[in-house]
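A.B. asks: got a predicted structure here, sequence first:
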Amino acid sequence: MADTSGARRARKWNATDLPDLTGRTAVVTGANSGLGLVTAGALARAGAHVVFAVRDVGRGDAAAARAGGSTEVRRLDLADLDSVREFAASWDRPLDLLVNNAGVMMLPEQRTAQGFEMQFGTNHLGHFALTNLLLPYVTDRVVTVSSGLHRGGDGAIHFDDVNLRGRYSPTRAYAQSKLANLLFTLELQRRLTEAGSPVRALAAHPGYAATNLQSHHANPLARAFMSVGNKLLAQEDKAGALPTLYAATQDLPGAAYVGPDGLGEMRGAPTLVGRSAAASDPEAARRLWTLSEEMTGVEWGLAAGNRSVNNP
């Protein structure tokens, strides 16, 4: 009997299966390196006009030049809500795809410009504000990059103090921020459906992908362990970006979560994956949304009176 395993593997979805994206516009946060650069480059090569939303415009220009295709670079610092507002205020045209990719991972305790815990403030609050401010222009979907580590830490949002004052740990803070990404996606989709919007909110995670994120861990021993893991266990960044690209371009239901199909969702081809019970809690998602509005001063993007391309 012929061995068809190779043929089956060959049929798994990869970046060559991206549809023609000519005429579409995408914003990718953190597009100057790692998974963001791979994602932005793949979208551009498929024909999309891709906006590299980055903190360092010089590095963004260099990255965009390497990516090729139709690109532009705009400054965005997700750890500063003033920068988020400036970016959104400069936007004046339809936006097919917003990829909330940028993030920081397991840093020593730090604060954003507005005084929020850095990982929660950057990974969640910055993207929460950006999404709602751009939502009147979004025509297709919002994809937010989470992590399998949303199951880690305490497995919950610390609503009594999301800034974790006096009980900070790099792992706890990162896990909370990635759980927040999934709860945000859940509530965003609920609100979009309720508003009758055709826009979809989805999430993705890369599995264990070798990027520069791991090099910032607060613990030197953990940095060394991750460096070895990147070389021996992790899949390359091109593979790690596939779940995001799949979520960004395939016909999937709202609130879908995409990750690798391999053992433990560590590596492999993109597929729909599950999430923790905490990440599926609609009440926690609504509570987080309310708290995020209070913390950022940014309200629901399709509230009555807000102009929308699809909801005039």
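C.D. replies: Good, I have the coordinates.
A.B. asks: shouldn't residue 131 be in contact with residue 302?
C.D. replies: No: checked against C-beta atoms under 8 Å, the pair residue 131 and residue 302 is beyond contact range at 10.9 Å. The C-beta positions use only the backbone N, C-alpha and C, and glycine is treated the same way.
A.B. asks: any idea how far residue 291 lies from residue 69?
C.D. replies: Distance from residue 291 to residue 69, counting by C-beta to C-beta, to the nearest Å: 39 Å.
A.B. asks: how is residue 161 assigned, secondary-structure-wise?
C.D. replies: coil (DSSP: H, G, I helix; E, B strand; the rest coil).
A.B. asks: ok, now which ones touch it?
C.D. replies: Residues in contact with residue 161 (C-beta atoms under 8 Å, 6 or more residues apart in numbering): none are found.
A.B. asks: how close does it sit to residue 168?
C.D. replies: For residue 161, the distance to residue 168 equals 10 Å [C-beta to C-beta].
A.B. asks: next one: residue 203
C.D. replies: Counting by C-beta to C-beta, the gap from residue 203 to residue 168 is 25 Å.
A.B. asks: neighbour-wise, which of those two wins?
C.D. replies: Remark: of residue 203 and residue 168, residue 203 carries more neighbours, 32 against 16, as counted by other C-beta atoms under 10 Å.
A.B. asks: that one reaches residue 258, doesn't it?
C.D. replies: Yes: Residue 203 lies in contact with residue 258 (C-beta under 8 Å); the separation is 7.3 Å.
A.B. asks: so what sits against both of those two?
C.D. replies: residue 247.
A.B. asks: now do the helices in the protein.
C.D. replies: 5-10, 34-45, 57-67, 81-89, 118-119, 127-134, 170-194, 220-232, 237-240, 242-249, 282-296 (DSSP state H).
A.B. asks: tabulate these (a markdown table), appending mean pLDDT, mean neighbour count and distance to residue 151.
C.D. replies: Converted to a markdown table, those look like this (pLDDT from 0 to 100; neighbours: other C-beta atoms under 10 Å; distance: least, C-beta to C-beta, whole Å):
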| stretch | mean pLDDT | mean neighbour count | distance to residue 151 |
| --- | --- | --- | --- |
| helix 5-10 | 48 | 9 | 28 |
| helix 34-45 | 97 | 26 | 20 |
| helix 57-67 | 97 | 17 | 31 |
| helix 81-89 | 98 | 18 | 28 |
| helix 118-119 | 98 | 24 | 16 |
| helix 127-134 | 98 | 24 | 20 |
| helix 170-194 | 98 | 23 | 7 |
| helix 220-232 | 46 | 13 | 18 |
| helix 237-240 | 90 | 21 | 18 |
| helix 242-249 | 98 | 28 | 16 |
| helix 282-296 | 98 | 17 | 14 |
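A.B. asks: wait, which of these is closest to residue 17?
C.D. replies: helix 242-249 (8.7 Å; C-beta to C-beta).
A.B. asks: remind me what that closest one packs against, helices and strands.
C.D. replies: Applying 3 or more C-beta pairs under 8 Å, 6 or more residues apart in numbering; DSSP states H and E, we find helix 242-249 packed against helix 34-45, strand 95-100, strand 138-145, strand 200-204, strand 257-260, strand 270-272.
A.B. asks: who's in contact with that helix?
C.D. replies: Outside helix 242-249, the residues that touch it by C-beta under 8 Å, 6+ apart are 13-15, 18-19, 21, 26, 35, 39, 42-43, 46, 97, 99, 101, 141, 143, 145, 202-207, 252, 256, 258-260, 269-270.
A.B. asks: circling back: now the helices of the chain as JSON lines including distance to residue 152?
C.D. replies: Shown next, in JSON lines, are the helices of the chain (distance: least, C-beta to C-beta, whole Å):
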{"stretch": "helix 5-10", "distance to residue 152": "30"}
{"stretch": "helix 34-45", "distance to residue 152": "19"}
{"stretch": "helix 57-67", "distance to residue 152": "30"}
{"stretch": "helix 81-89", "distance to residue 152": "27"}
{"stretch": "helix 118-119", "distance to residue 152": "13"}
{"stretch": "helix 127-134", "distance to residue 152": "20"}
{"stretch": "helix 170-194", "distance to residue 152": "4"}
{"stretch": "helix 220-232", "distance to residue 152": "13"}
{"stretch": "helix 237-240", "distance to residue 152": "18"}
{"stretch": "helix 242-249", "distance to residue 152": "19"}
{"stretch": "helix 282-296", "distance to residue 152": "17"}
